[in-house]
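In: only the shape, not the letters, is given here:
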Ligand SMILES: O=C[C@H](O)[C@H](O)[C@H](O)COP(=O)(O)O
């Protein structure tokens, strides 16, 4: 079975899903050195689903199968582990593969410097562990995610912050002292009574600081707070971003 060309694909019923797929497929096609890359990071969320799907297509292709079957794919949470397994790819661990060749992951928002907000799906910690362990970190996203300039222009849910559960009151207070306008411990809603618990058995706080003109400075201030595990601000981390548009085109942005 040959890897289908992107132009030959029938559009999906949902333009948004077609945009995600176009970005993710092109990112895989253009950023894997099939002869030399061995360890591949697989992120979390709904866009990276198509990246794992595309890698699975290469696995089934006679020309690439022997190479891709040797790839070790590193997950960024439970959903990501399932993506790897469901596409027939070899699952590895960050413990055994701390040097990753290329990582593919989504984003909640992308600024004009390729800084990111991530964590909308509560997976930010392992995502940051994997993305910062990678030689190349490739972002795949749809047209809703590109901020005209600053982060928190379109993404209004606040900065996701992973915290130690017992510290939620202390961290909430400290974030307000730092200038957060709104601080919410993310709740499970109808899916779970009480707070969302991450794959690392932590809580998440979403903290709204308004538009972020200096996300790096804010990241370091938040990270220094007692009880904070990691922030969803990915600064100077992404190498390239593929943004899928509603008209089927894909824009590519380099750091
Ligand atoms: O915690 C979740 C991750 O940061 C996702 O990569 C991010 O929320 C983007 O997800 P999606 O591709 O579904 O928009």
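Out: Nice, thanks for sending it over. Worth saying up front: this structure is predicted, and the values here are computed from it rather than measured.
In: need the pLDDT of the residue lying closest to residue 120 once chain neighbours are set aside.
Out: Distances taken as Cβ to Cβ, 6 or more residues apart in numbering place residue 108 nearest to residue 120, at 4.2 Å, with adjacent residues excluded. All C-beta atoms are positioned from the backbone trio N, CA, C, and that covers glycine. Note for residue 108: predicted pLDDT of 98.
In: residue 108 contacts residue 155, correct?
Out: Yes - between residue 108 and residue 155 there is a contact at 5.1 Å, judged by Cβ atoms under 8 Å.
In: what do the two both touch?
Out: Here residue 108 and residue 155 have 117, 120, 145 as joint contacts, going by Cβ atoms under 8 Å, 6 or more residues apart in numbering.
In: of the residues you listed, which is the nearest to residue 184?
Out: Within the shared contacts of residue 108 and residue 155, proximity to residue 184 (Cβ to Cβ) peaks at residue 120, which comes in at 13.3 Å.
In: buried set for stretch 92-102?
Out: In terms of neighbour count (16 or more other Cβ atoms under 10 Å), stretch 92-102 has its buried residues at 92, 94, 97, 100-102.
In: report the distance from stretch 240-250 to the chain centre.
Out: Here stretch 240-250 is found 16 Å from its chain centre; the criterion is Cα atoms, centre = their mean, to the nearest Å.
In: again, but for stretch 124-136
Out: Relative to its chain's centre, stretch 124-136 lies at 9 Å (Cα atoms, centre = their mean).
In: ok, now how distant is the spatially closest residue to residue 116 that is not a sequence neighbour from the ligand?
Out: What sits nearest to residue 116 in space, not counting adjacent residues and going by Cβ to Cβ, 6+ apart, is residue 234, at 4.0 Å. In this view, residue 234 and the ligand are 9 Å apart by Cβ to the nearest ligand atom, to the nearest Å.
In: could you check whether the longest helix seen in the chain is close to the ligand?
Out: Counting residues, the longest helix in the chain under DSSP state H turns out to be helix 15-31. No - with Cβ under 6 Å from any ligand atom as the criterion, the ligand is not reached by helix 15-31; the gap is at least 6.8 Å.
In: tell me the buried residues in that helix?
Out: By neighbour count with 16+ other Cβ under 10 Å, helix 15-31 contains the buried residues 15, 17-28, 31.
In: show me where this structure has strands.
Out: Per DSSP state E, the chain carries strands over the ranges 39-42, 72-74, 100-105, 109-110, 116-117, 134-142, 159-163, 182-185, 203-208, 228-231, 233-234, 240-244, 250-254.
In: and the end-to-end length of stretch 93-112?
Out: Terminal residues of stretch 93-112 lie 32 Å apart, using Cα to Cα, to the nearest Å.
In: hmm, that stretch in reach of the ligand?
Out: Yes - using Cβ under 6 Å from any ligand atom, stretch 93-112 reaches the ligand at 105-108.
In: please apply the same query to stretch 216-232.
Out: No - Stretch 216-232 stays clear of the ligand (Cβ under 6 Å from any ligand atom), getting no nearer than 6.8 Å.
In: buried set for that stretch?
Out: For stretch 216-232, a neighbour-count test (16+ other Cβ under 10 Å) marks 218-219, 221-222, 225, 227-232 as buried.
In: any idea how far apart the tips of it sit?
Out: 11 Å.
In: same deal with stretch 152-172?
Out: 19 Å.
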